[in-house]
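> Please work out how this folds:
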Amino acid sequence: MSNKTAVLTQYDQQRKKYERFAREVEHQLRCILEEEGIVCNAITSRVKERDSLTQKIDVKSDKYKSLSEVTDIAGIRIITYYDSDVERAAKIVEREFCVDKENSINKREALGPEKFGYCSVHYVVSMNEDRLKLPENRGYAGIKCEIQIRTVLQHAWAEIEHDLGYKSEIDIPKDIRRSFSRLAGLLEVADKEFQEIRDFLETYRAKVEAEISEKSDYGTPDCELDAVVLEAVLKTKPNFQELNRRIGEIAGMKTKDHEKQKDKQKDYGNLLRELKYLGINTTAQLGQLAERNTCLAIYLADRILHDRYKTEPSGAVLTNTIGVFYLCYAELIFNDYSKDDIIQYMEAHTLGSSDERDAFALNLLKYGREFAARQ
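Next up is the predicted model:
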């Protein structure tokens, strides 16, 4: 039996084991990266197709005598948003798995700056002894997989390069080689720029939070609201924290920050648009909004939320923007908005369904009159 036939026979017999192995390594990496706070664009696994394996064996001639010598039968791909997270993910792989250093490569370090192409980190790994001791992993001893780690832009380059069908610089027609090199440089610059923007935002967030928490008031009127400033106010100012707590008690729910960054960005972005619609553009104006409307906001929350959430399952939460959300409703009443004005406000911010807005606007005005009568 030839080496090629032997390897392919082993592949047919063990393919399902490699599929289980790839899924298990993907699951482990997904859990570890999430625990470490690394947000990924994608984490995927695959097993090399038989045709692809056949071609690989043909190209390498008699290099492979058994399936275990083929290190990329199982493959995992980690796609991060930022270059710094590639490095963080790489350290995790080195810490959590046994790395076959002879077959692993950091192409970004291996290729000189003048070389063509866009690079990523490739590891060949196997499970460490501690993981192999677990009953569900015992059958994976001796099995290796390839882990690729790259940014979204590096992945875009690799996918386009693959689609065009060029495997190396010498394959590319001379007339377009310069264009390829120029595009590779642009993508590298873009990766660095995105990283610098992220670093700036992290520094800016820490600076804003420190400045706002140190002040007894909300700063000067020209301290303009953005998502970072709004988040800092809600995290550090006791009156907003107390408002959230009171509304949470009414609903029988706890308030907390968003677990996912994209959800937080969406929620804060929507709330900023509502505030600016009402003319609340600075931290000073936000503080004044709270001073004049907190009691009314709590009353509105009591009338609106109590029945809606009294059957909410245990453990459900409200986000920590809920207080400002009801302060905005209170501001509609404070500014004597009509029913039609309230409906227009709700339509502008896609609040409620179209068939609910008329009744909600009438109820909001009724609650405002009830509150005024109590004063």
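
> wait, doesn't residue 64 sit right on residue 70?
Yes - assessed by C-beta atoms under 8 Å, residue 64 is found in contact with residue 70 at 5.6 Å. Backbone N, C-alpha and C define where each C-beta goes, glycine included.

> tell me, what's touching these two both at once?
Counting by C-beta atoms under 8 Å, 6 or more residues apart in numbering, the contacts common to residue 64 and residue 70 are residue 7.

> gap between the helix or strand hosting residue 98 and the chain center?
Here residue 98 sits within strand 97-99, counting by DSSP states H and E. Distance of strand 97-99 from the chain centroid (C-alpha atoms, centre = their mean, to the nearest Å) equals 27 Å.

> Strand partners (parallel or antiparallel) of that strand?
strand 121-127 (antiparallel) (DSSP bridges).

> list the buried ones in the helix or strand just after the partner strand?
Downstream of strand 121-127, the next assigned helix or strand under DSSP H and E is helix 129-132. For helix 129-132, burial by neighbour count (16 or more other C-beta atoms under 10 Å) applies to residue 131.

> Mind listing residues that contact helix 129-132?
In this structure, residues lying in contact with helix 129-132 by C-beta under 8 Å, 6+ apart are 28, 137, 138, 140, 141.

> Look up the closest residue to the last one, ignoring the ones flanking it.
Residue nearest to residue 141 in three dimensions, not counting chain neighbours: residue 132, with 5.5 Å by C-beta to C-beta, 6 or more residues apart in numbering.

> Which one's more surrounded, residue 64 and residue 70?
Using other C-beta atoms under 10 Å, the more surrounded residue of residue 64 and residue 70 is residue 70, with 20 against 17.

> For residue 283, grab the count of nearby residues.
For residue 283, the neighbour count with other C-beta under 10 Å is 25.

> show me where pLDDT drops low in the stretch 151-300 of the chain?
Residues of the stretch 151-300 of the chain that meet the criterion pLDDT under 70 lie in 165-172, 174, 216-222, 258-261.

> swap the cut-off to 80 and go again
Across the stretch 151-300 of the chain, the ranges flagged by pLDDT under 80 are 158, 160-182, 184, 213-222, 254-264.

> now the strands for it?
254-256 (DSSP state E, counting those that start in this stretch).

> One more: the stretch 1-150 of the chain?
40-47, 74-80, 97-99, 105-106, 121-127, 145-151.

> that older thread, I'd like the contacts of helix 129-132 as CSV, with neighbour count and distance to residue 228 appended.
Compiled in CSV, the contacts of helix 129-132 are given as follows (neighbours: other C-beta atoms under 10 Å; distance: C-beta to C-beta, whole Å):
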residue, neighbour count, distance to residue 228
28, 16, 34
137, 18, 43
138, 11, 49
140, 21, 45
141, 10, 49
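
> Tell me which of these fall in helices.
residue 28 (DSSP state H).

> Looking at the contacts of helix 129-132, spot the one nearest residue 249.
Distance to residue 249 across these (C-beta to C-beta) is lowest for residue 28, with 40.7 Å.

> Local confidence estimate at the closest one?
Residue 28 carries a pLDDT value of 96.

> List the residues that contact it.
96, 131.

> Distance to residue 99 for the contacts of helix 129-132 - can I get that in a markdown table?
Below are these laid out as a markdown table (distance: C-beta to C-beta, whole Å):
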| residue | distance to residue 99 |
| --- | --- |
| 28 | 15 |
| 137 | 17 |
| 138 | 21 |
| 140 | 16 |
| 141 | 16 |
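
> Tell me the one of the contacts of helix 129-132 nearest residue 357?
Distances from residue 357 to the contacts of helix 129-132, taken as C-beta to C-beta, are shortest for residue 28 (47.9 Å).

> Give me the distance between that closest one and residue 274.
42 Å (C-beta to C-beta, to the nearest Å).

> rewinding a little: enumerate the positions of the strand holding residue 98 that are buried.
Buried residues in strand 97-99 (16+ other C-beta under 10 Å): 97, 99.

> Let me know the average pLDDT across that strand.
95.

> what comes into contact with that strand?
Outside strand 97-99, the residues touching it (C-beta under 8 Å, 6+ apart) are 25, 93, 123, 124, 125, 126, 127, 128, 147.

> Residue 143 is in contact with the fourth one, correct?
It stands for residue 124. No - with contact defined as C-beta under 8 Å, residue 124 does not count as touching residue 143 (11.1 Å).

> just how off-centre is stretch 34-52 within its chain?
That offset, for stretch 34-52, works out to 15 Å (C-alpha atoms, centre = their mean).

> Then stretch 22-38?
For stretch 22-38, the distance to the chain centre is 14 Å (C-alpha atoms, centre = their mean).

> Alpha carbons of that stretch, as CSV, please.
Taking Å, rounded to 0.1, in the frame of the first residue of the first chain, the C-alpha atoms of stretch 22-38 are listed here in CSV:
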residue,chain,number,x,y,z
ALA,A,22,-11.8,20.7,16.0
ARG,A,23,-15.2,21.6,17.6
GLU,A,24,-13.8,20.9,21.1
VAL,A,25,-10.7,23.1,20.6
GLU,A,26,-13.0,25.9,19.1
HIS,A,27,-15.2,25.6,22.1
GLN,A,28,-12.3,25.9,24.5
LEU,A,29,-10.8,28.9,22.8
ARG,A,30,-14.2,30.6,22.6
CYS,A,31,-14.6,30.2,26.3
ILE,A,32,-11.1,31.3,27.2
LEU,A,33,-11.1,34.3,24.9
GLU,A,34,-14.4,35.5,26.3
GLU,A,35,-13.2,35.0,29.8
GLU,A,36,-10.1,37.1,29.0
GLY,A,37,-12.3,39.9,27.6
ILE,A,38,-11.1,39.5,24.0
